[in-house]
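A.B. asks: Sequence unavailable; structure follows:
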């Protein structure tokens, strides 16, 4: 698949660029190319725009992209969902990785903004649907037909980018040191 495969024939301007490789390297390429990583909201919006184009829709569904939004988790089981932005991406560019994620030192985890989900809420199985609905709503998308694969706690607080799989139906996380795919959105949008 290449970047042209992500566009409709009538789209004269090509807003999407497909990047593959190491996530940290791709973020650097995006910044120098005046693009930003695609947010979860952007991905779901695009899937909605192309439903009447089966071939293109299937290309997007097969993509399994790493997103510009992030997740952080604590060894005690709580998680934080963080909307993407230049501060996050710049931090990821400068961070050293441990086991494919960024280790959060000191009180870095506690100082993160975003949607905080305490561990006790994750442990209630009967709360799962309401919890997923709340998380997807935080990103401005519907939870209908979608689920979340929560990461297993590590021995330290850590952060990484979110990723979709299974045709945008399963939200998980991406290792930052693995080869992945990321869609860059055109414009000088590194800064919101």
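C.D. replies: Yep, it's here. It should be emphasised that the depicted structure is a prediction, and the values quoted were computed from it without experimental measurement.

A.B. asks: chain center to the helix or strand of the chain with the lowest mean pLDDT, what's the gap?
C.D. replies: When the helices and strands of the chain are compared on mean pLDDT, DSSP states H and E, helix 23-32 comes out lowest with a mean of 83. Mean-position distance between helix 23-32 and its chain equals 15 Å (Cα atoms, centre = their mean, to the nearest Å).

A.B. asks: wouldn't residue 14 be in contact with residue 3 here?
C.D. replies: Yes: counting by Cβ atoms under 8 Å, residue 14 touches residue 3, with 6.7 Å between them. From N, CA and C alone the C-beta is placed, and that goes for glycine too.

A.B. asks: Looking at those two, which is more packed in?
C.D. replies: Legend: neighbour count by other Cβ atoms under 10 Å for residue 14 and residue 3, higher for residue 3 (14 against 11).

A.B. asks: Quick one: residues contacting the more buried one.
C.D. replies: 14, 16-18 (Cβ atoms under 8 Å, 6 or more residues apart in numbering).

A.B. asks: Now list the buried members of those residues.
C.D. replies: By neighbour count, with 16 or more other Cβ atoms under 10 Å, the contacts of residue 3 hold 16-18 as buried.

A.B. asks: What is the nearest of these to residue 178?
C.D. replies: Each of the buried ones among the contacts of residue 3 was scored against residue 178 by Cβ to Cβ, and residue 18 proved nearest at 16.4 Å.

A.B. asks: helix or strand for that closest one, which one?
C.D. replies: strand 16-22 (DSSP states H and E).

A.B. asks: quick revisit: reformat the contacts of residue 3 as CSV; add pLDDT and distance to residue 45.
C.D. replies: Listed next are the contacts of residue 3 as CSV, based on pLDDT from 0 to 100; distance: Cβ to Cβ, whole Å:
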residue, pLDDT, distance to residue 45
14, 74, 17
16, 86, 12
17, 86, 17
18, 88, 17
